[in-house]
Every structure is written in C-alpha cells, then in structure tokens.
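Asker: predicted coordinates and the sequence they were generated for:
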Amino acid sequence: MSATAGKIPATVVTGFLGAGKTTLLRHLLAHSRGRRIAVIVNEFGSLGIDGETLRGCGIESCRDEDIVELSNGCLCCTVADDFLPTMEALVGRADPPDHIVIETSGLALPKPLLKAFNWPSMRTRVTVDGVIAVVDAPAVAAGRFADDPEEVARSRAADPSLDHDNPLAEVYEDQLTAADLVVLNKADLLDDAALDALEAGIRARIPRAVKLMRATEGRLDPAVLLGLDAAAEDDLAARPSHHDAEDGAHEHDDFDSFVVSIGPQASPDALVERLRTATEAHDVLRIKGFAQVAGRPMRLAVQGVGTRFRHQYDRVWDTGCSGGLVVIGRRGIDRGAIEAILAGG
C-alpha cells in the first residue's frame, strides 16, 4: 500500500509576483469535475486581492467557505501561527475536502511550508501531492531575475568584502528547486525559440528531473496538475534552498507593500496609464486591485506585472465598497510619489 494512502493530498502553488498563480487556480477550480477542493490563499500585503478574486467567482465547486485567506504575511514565516491551525481546521471538518490547494504569496519560499507537513498533527493526515511553480515566461526571458553584471561589479568594487545578494533571483530559484512541475505561463507572449531557451535555462537551475509545461492563462488540465503523488515532505533533501543554512528563515525587508485607496475612475484606460507611469518611474514589481468606474455598475479588476497591465469587469460593484490597489516593490520605493500619480481620476 502506498505511504500516502488515506491522506488528503495537498498541492502547493508557488511562483513569483504576477506569474499567474490565481489564474491557474481559477481554471483548476472551474474544471475540477466534482472534486471538492479547499483553497488557502496567502497574500504578502494586507489587502486580500487573490482570495476576493476567487470568492463569488460563479464556479459551482468553488464555495466561499472552502476559500481561506491568510493576509498580511508570508506563510513560510508564519507556519506555526497561521498555516498549521488553518490546515488542522480544514482536515478536521465533518466533510473534509478531497484536495487542498495552497497558493503562496509571490515572495514566499516553499521549503519551510513543506517542512510543516512533517509536524505530528499533519503527517498522518495530509501529504504534499506536488509543488507547482508558475513562471512568468516573458519576465524571466527579459532577465528580470538575472543579475546585472555591471551592478555586481560596482558593488564588489565599492566593498569587496560584501557578498552580492539578489533577492529576486533567490526567491525565484527557491521556488523552482522546490517544484515537481514548472508551468511556463504566458507562453503565448514568446516565440518557440525564446521558450526553448527559457526551458533550457530553468533545467540548468534545477538539480533533478522536473517536468515543464507551457500554458496560456494557466489553462492546464487538472489531471496534469493534481495526482502527482510526490510526497514532497519526504523528499526535502532533493529540494535545495538558498536559505537551508538558516533553516528556511529569510527576510522580506528587501520588499515593501502598501495599499493605495482610489476613488471612482473616469475610465479604465486612464487608470492604467497612470499605473504604467508610476511603474516606469519607480521600482514597482506588482500592482493589483479593484476600482470603481464612473457610470459602470461592474467592478474593475486590475492586474499589473512591471509595465504589463490588464483589466476586466468581473462582477457587480458592492454598495459601500471603495477602490484599492496593492503596490509591491523594492525596499525604499517612494510611496508618496506613487500615491500622487495614482490620485488622479
């Protein structure tokens, strides 16, 4: 009998800010074929955008009570306080889910989370079916997670005793090396040659055989994503981390996050233009949130990665709600200047 028999399978979906984790998860839920899936969504900022995107999404198998949101923190740093009690509550239900999917924040390291599945309260009841790393293919191809050789040289010249750390690259690589499946998302934005080169680069970073899949809008059959039977909690040594020496501990001081409240907007295009201006002028990594558009009853959902933005009306605007955007960037981004740019409308 398999060591995982009788345990509830859990899938960890990781990936950097804006890679498309929530989009992939929504497609998974829409095609679950009756499987009862519970979802834990973790946000780096205090405003829960991803959980709100999933709630009330109109998908029959996506019940609001099956979506648990853990905001204003990073699961890899709050395992004992937040994650374990949440998991214990899910598996202790009278009707426990058939499968649990955990969407980590874009800045989370997966390995400390995987270690939590070896805690006594979890080990006999849940197994990590697999870790899925979602990759923003165009961002990686553009060198977003690569070191700037000139910047490295300047840093070392200024102080040869200092190690050069790239927090973006470290988080990205830790997410890759924990994975059982890597999804190259937004593949429609690259040609085959660029995708081939990207796949080769990713394989060179991962010290074991891992399957790679190309996807657009996270559209992959659930049969590909679920049922990997990896038992990742028993395979931690094969999943190296930049932070193994610190037992998984890491700092998020390299990044800042804040919420900008915005009033009704004249038009979506005008809002996106201001968002793009703010992103180009400051070190913004990710912007996401909701806005009200004058004269429109529907809520406008806005998502941005770097200078790439998309928006759509997703549901009727709730009376009494106000618009808000989560801004995530490198440490020291000028909050006042960004808020001033976004204040128009």
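Answerer: All right, it came through fine. Predicted model only: the values in this text are computed from it and were never measured. Numbering: from 1, shown residues only.
Asker: least confident secondary structure element in the protein?
Answerer: helix 149-158 (a mean of 49; mean pLDDT, DSSP states H and E).
Asker: ok, the residue nearest to Ser267 when sequence neighbours are not counted - contacts?
Answerer: The shortest distance from Ser267 to any non-neighbouring residue, by Cβ to Cβ, 6 or more residues apart in numbering, is to Val293 (6.7 Å). In this view, the C-beta of every residue, glycine as well, is placed from N, C-alpha and C. Val293 is in contact with Pro264, Gln265, Ala266, Ser267, Pro268, Leu300, counting by Cβ atoms under 8 Å, 6 or more residues apart in numbering.
Asker: among those, name the buried ones.
Answerer: Buried by 16 or more other Cβ atoms under 10 Å: Gln265, Pro268, Leu300, out of the contacts of Val293.
Asker: would you say the last one is within a strand?
Answerer: Yes. Inclusion of Leu300 in a strand is indicated when DSSP: H, G, I helix; E, B strand; the rest coil is applied.
Asker: Asn42 versus that one, what's the distance?
Answerer: Going from Leu300 to Asn42 by Cβ to Cβ, to the nearest Å gives 24 Å.
Asker: and the residue nearest to the spatial centre of the chain, what is it in contact with?
Answerer: Geometric centre of the chain, nearest residue: Gly106, 3.7 Å, by Cα atoms, centre = their mean. Counting by Cβ under 8 Å, 6+ apart, Gly106 makes contact with Gly15, Phe16, Leu17, Gly18, Ala19, Lys21, Phe44, Arg286, Ile328.
Asker: make it 6 Å
Answerer: Phe16, Leu17 (Cβ atoms under 6 Å, 6 or more residues apart in numbering).
Asker: confidence score at it?
Answerer: At Gly106, the model reports a pLDDT of 83.
Asker: host element of it?
Answerer: Under DSSP states H and E, no helix or strand contains Gly106.
Asker: now do Ala291
Answerer: Using DSSP H and E, Ala291 falls in strand 284-292.
Asker: now that strand: mean pLDDT?
Answerer: 84.
Asker: what residues does it touch?
Answerer: 17-18, 49, 262, 264-265, 275, 299-304, 317, 323-329.
Asker: can you tell me which of these end up in strands?
Answerer: Within the contacts of strand 284-292, residues falling in strands by DSSP state E are 262, 299-304, 323-329.
Asker: what's the separation between Tyr172 and Asp334?
Answerer: Relative to Asp334, and taking Cβ to Cβ, Tyr172 is found at 25 Å.
Asker: who has more neighbours, those two?
Answerer: Tyr172 (25 against 15; other Cβ atoms under 10 Å).
Asker: alpha carbons of the helix or strand where that one lies, as CSV, please.
Answerer: Assigned by DSSP H and E, Tyr172 belongs to helix 167-177. Listed next in CSV are the C-alpha coordinates belonging to helix 167-177 (Å, rounded to 0.1, in the frame of the first residue of the first chain):
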residue,chain,number,x,y,z
PRO,A,167,16.6,38.8,-3.5
LEU,A,168,14.6,38.4,-6.7
ALA,A,169,16.8,35.7,-8.0
GLU,A,170,16.9,33.9,-4.7
VAL,A,171,13.2,33.7,-4.3
TYR,A,172,12.7,32.7,-7.9
GLU,A,173,15.3,29.9,-7.7
ASP,A,174,14.0,28.6,-4.3
GLN,A,175,10.6,28.3,-5.9
LEU,A,176,12.0,26.4,-8.9
THR,A,177,14.1,24.0,-6.9
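Asker: tell me which strands whatever helix or strand comes next after it pairs with, and in which orientation.
Answerer: Following helix 167-177 in sequence order, the next helix or strand is strand 181-185 (DSSP H and E). Counting by DSSP bridges, the strands paired with strand 181-185 are strand 126-136 (parallel), strand 211-214 (parallel).
Asker: which parts of the last one are buried?
Answerer: Spelled out, it's strand 211-214. For strand 211-214, by 16+ other Cβ under 10 Å, it's Leu212, Arg214.
Asker: pLDDT averaged over the next helix or strand after it, what's the number?
Answerer: Per DSSP H and E, the first helix or strand lying C-terminal to strand 211-214 is helix 222-225. Averaging the model's pLDDT scores along helix 222-225 yields 93.
Asker: any idea how far Leu17 lies from Tyr172?
Answerer: According to Cβ to Cβ, Leu17 and Tyr172 sit 10 Å apart.
Asker: now do the contacts for Met298.
Answerer: Tyr313.
Asker: how does it look with 8 Å?
Answerer: Tyr313, Asp314, Arg315, Val316, Trp317.
Asker: same for the helix or strand where Ala340 lies, what does it pack against?
Answerer: Take DSSP H and E as the rule and Ala340 turns out to sit in helix 335-342. On a contact count with 3 or more Cβ pairs under 8 Å, 6 or more residues apart in numbering; DSSP states H and E, helix 335-342 meets strand 255-262, helix 268-281, strand 323-330.
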